[in-house]
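**Student:** With the sequence up front, the predicted model follows.
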Amino acid sequence: IMASRKVVELFYDVVSPYSWLGFEVMCRYRNVWNIELKLRPAFLGGVMHGSGNKPPGMVPNKFKYMGKDLTRLAEYFDVPLKSPADPFEVMFQKGSMSAMRFITAVQERETGGDKQVEQVSRELWRRIWSEDKDITQPESMSEAAKKAGLSDSDIEAALQLYTSQPIKDELKNTTEHALSYGAFGFPMIVCHIDGKPEIFFGSDRFELMAFCIGEKWLGPKPDKSAARL
């Protein structure tokens, strides 16, 4: 008999480029591994604050390394990641609070899976970490949602919902949920194994994660690897 599918929670924020890499890999593996992937859009700013962590951008050498690192990773993971002209402004001045509320609103309204959440998240990442476009204004979110294939009425409803108190609370709860697992940054992946959560931080722990959940790591593009086998 098939072992029951392991629940894997992915906490992410579109302000984080490493989260994009982690997100794409987990989406590629959701049908390769025996897992049930749960997308958990959360607010990275709240996690940094709550855990007392400092963003890598605050350490000049880390910031310099990050630029080079992301260029290599974009190629390795086959994700069209490019640094915005002013990453500092994008990450620390503009931030992602409204974008993450918008994604939360999309998730709140979606029934039967999370295809819309996945697509909208991806389009917002693409805007900020590939096309150097805004993600803070309602029209920016609307544009991303349109590209993600949402109908005008769905977009309208999400735009009405995302500034509401229940959605603000929902995002805050997910963020606190991440902190309760011991989060200090994103992406954070929580694998539920035999009733206990195993936490993996970052986009460079997939091999270890696969080992812990009894699956095989086939590299960043499992479909390509499978084709070669």
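**Tutor:** That came through fine. Keep in mind that this is a model prediction, so the values were computed, not measured. Residues are numbered from 1 along each chain as shown.

**Student:** residue contacts, the residue nearest to residue 65 when sequence neighbours are not counted?
**Tutor:** In space, and not counting its chain neighbours, residue 65 is closest to residue 56: 8.0 Å by C-beta to C-beta, 6 or more residues apart in numbering. (Glycine included, C-beta is placed from N, CA and C.) Applying C-beta atoms under 8 Å, 6 or more residues apart in numbering to residue 56 gives the contacts 62, 63, 65, 66.

**Student:** Over to residue 23?
**Tutor:** Residues in contact with residue 23 (C-beta under 8 Å, 6+ apart) are 10, 12, 39, 121, 122, 125, 187.

**Student:** Would you enumerate the residues in contact with the last one?
**Tutor:** So the one you mean is residue 187. Residue 187 sits next to 10, 11, 12, 16, 18, 19, 21, 22, 23, 201, 202, 203 when contact means C-beta under 8 Å, 6+ apart.

**Student:** cool, the second one as well?
**Tutor:** Contacts here follow C-beta under 8 Å, 6+ apart; on that basis residue 12 touches 19, 20, 22, 23, 39, 40, 41, 42, 121, 186, 187, 188.

**Student:** Compile those into a markdown table and extend it with columns for pLDDT.
**Tutor:** What follows is these, written out as a markdown table (pLDDT from 0 to 100):
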| residue | pLDDT |
| --- | --- |
| 19 | 98 |
| 20 | 98 |
| 22 | 98 |
| 23 | 98 |
| 39 | 98 |
| 40 | 98 |
| 41 | 98 |
| 42 | 98 |
| 121 | 98 |
| 186 | 97 |
| 187 | 98 |
| 188 | 98 |
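
**Student:** and those, which of them are in helices?
**Tutor:** Among the contacts of residue 12, the residues falling in helices (DSSP state H) are 19, 20, 22, 23, 121.

**Student:** What is the nearest of those to residue 207?
**Tutor:** Comparing the ones in helices among the contacts of residue 12 against residue 207 with C-beta to C-beta places residue 22 closest, at 13.4 Å.

**Student:** Tell me how far stretch 114-133 lies from the chain's centre.
**Tutor:** On the basis of C-alpha atoms, centre = their mean, to the nearest Å, stretch 114-133 sits 10 Å off its chain's mean C-alpha point.

**Student:** what's the answer for stretch 31-44, then?
**Tutor:** Stretch 31-44 has its C-alpha centroid displaced from the chain centroid by 9 Å (C-alpha atoms, centre = their mean).

**Student:** Just the buried ones out of the contacts of residue 12, please.
**Tutor:** By neighbour count, with 16 or more other C-beta atoms under 10 Å, the contacts of residue 12 hold 19, 20, 22, 23, 39, 40, 41, 42, 121, 186, 187, 188 as buried.

**Student:** The second one contacts residue 78, doesn't it?
**Tutor:** No. In terms of C-beta atoms under 8 Å, residue 20 does not count as a neighbour of residue 78; the distance is 11.8 Å.

**Student:** residue ranges with poor pLDDT in the protein?
**Tutor:** Regions of the chain meeting the criterion pLDDT under 70 cover residues 1-3, 225-229.

**Student:** Would you mind finding the longest helix in it?
**Tutor:** Max-length helix for the chain by DSSP H is helix 60-77.

**Student:** and it, C-alpha only, in CSV?
**Tutor:** What follows is helix 60-77, C-alpha atoms only, in CSV (Å, rounded to 0.1, in the frame of the first residue of the first chain):
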residue,chain,number,x,y,z
PRO,A,60,27.9,44.4,3.4
ASN,A,61,29.9,41.2,2.6
LYS,A,62,26.8,39.1,2.7
PHE,A,63,25.0,41.5,0.5
LYS,A,64,27.8,41.4,-2.1
TYR,A,65,27.9,37.6,-1.9
MET,A,66,24.1,37.4,-2.3
GLY,A,67,24.2,39.1,-5.7
LYS,A,68,26.7,36.6,-7.1
ASP,A,69,25.0,33.7,-5.4
LEU,A,70,21.6,34.5,-6.8
THR,A,71,23.0,34.7,-10.4
ARG,A,72,24.4,31.2,-10.1
LEU,A,73,21.3,29.9,-8.4
ALA,A,74,19.0,31.3,-11.1
GLU,A,75,20.8,29.3,-13.6
TYR,A,76,21.1,26.1,-11.5
PHE,A,77,17.4,26.1,-10.6
